[in-house]
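*Asks:* I'll drop the sequence and a predicted model, then ask my questions.
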Amino acid sequence: MVPFPRFRLLFLLAVLAFVSPSVHAMLEGKFLYFPTHAPNQSRLGEWRINGELVGYSRTVEAPRSVWLILHGNAGQASDRQYMVDCLPADAAAYIMEYPGYGLRSGKPSMATINAAAREAYANLRTLHPDLPLGVFSESIGSGPASYLGSLTDPPDRLVLMVPFDNLLSLARRHMKLLPVGLLLRDKWDNVKALKSYRGKVDVFGAEYDDIIPAVHARNLAKSIPQARYIEMPCGHNDWSMSGQAKITND
């Protein structure tokens, strides 16, 4: 039996989840979103849509492919040069900034990030209508990446680095004593989103990942019949140094 004082705490949190949006914001602020707001000091150029800064890019002459990059939950887009470096040298790369991150206005949430990803994806389809367009994501970026995979005109390819299968199951793993289902507003479900996706999928798990344990990546890969699964001998934040994260145009 749960001790009475702990039960009272859980009951209070459950009630607050229904009456106070600030409880959702508190949980997501602790668990999901950790933006920084520094000027761009990378080698990447600005990417703008209708005059608004939406991210950063590496453009190349006569690219063979185009990639939309969706980064992890900490920092900002201009920190992700290492993701660009994983892509072929002849690929055009665009790193989307999340709302409320970097120099972009707004607040991060599943709804705002998904909407921003859809806008960015549509922009790249317009800019490069005749080139294959892939989405390369890490960590929480696998949520909006999988959302794009659910569209009627989805990306040609997905590369999901240290992803989760279902954000709610991951939250429950980390916060076993809280009614996370009531408290967590943003509940990306990558398995559900990719149920009908038929493009090429590469899923990379990290053997020593204690943030998103590799079992979540394995579960996601198992749910996608055509997925290729690679498990790297590294942790969550050093996957780019594993030597196994090079992506080709094939």
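*Replies:* Structure's in. What do you need? This structure is a prediction, so every number in the text was calculated from the model and none was measured.
*Asks:* dump the residue contacts of the residue most central in space within the chain.
*Replies:* In the chain, the centroid-proximal residue (Cα atoms, centre = their mean) is residue 141; its distance is 0.5 Å. With contact set as Cβ atoms under 8 Å, 6 or more residues apart in numbering, residue 141 has these partners: 69, 70, 71, 72. (C-beta placed from N, C-alpha, C; glycine too.)
*Asks:* in a strand, it, correct?
*Replies:* No - judged by DSSP: H, G, I helix; E, B strand; the rest coil, residue 141 forms no part of a strand; its state is helix.
*Asks:* next one, pLDDT for it please.
*Replies:* Listed pLDDT for residue 141 reads 98.
*Asks:* where in this protein is pLDDT low?
*Replies:* By pLDDT under 70, the low-scoring segments of the chain are 1-31, 177-179, 181-182.
*Asks:* mind doing that once more with 90?
*Replies:* Of all residues in the chain, those with pLDDT under 90 make up the ranges 1-32, 168-185, 241-246, 248-250.
*Asks:* go ahead and confirm residue 188 touches residue 139.
*Replies:* No - counting by Cβ atoms under 8 Å, residue 188 does not reach residue 139; the two are 11.3 Å apart.
*Asks:* any idea how far residue 96 is from the residue nearest to the centre of the chain?
*Replies:* 9 Å (Cβ to Cβ, to the nearest Å).
*Asks:* common neighbours of the two, please.
*Replies:* Joint contacts of residue 141 and residue 96 (Cβ under 8 Å, 6+ apart) are 69, 70, 71.
*Asks:* Throw these into a markdown table and include neighbour count, secondary structure and distance to residue 158, thanks.
*Replies:* Converted to a markdown table, those look like this (neighbours: other Cβ atoms under 10 Å; DSSP: H, G, I helix; E, B strand; the rest coil; distance: Cβ to Cβ, whole Å):
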| residue | neighbour count | secondary structure | distance to residue 158 |
| --- | --- | --- | --- |
| 69 | 27 | strand | 12 |
| 70 | 32 | strand | 10 |
| 71 | 25 | coil | 15 |
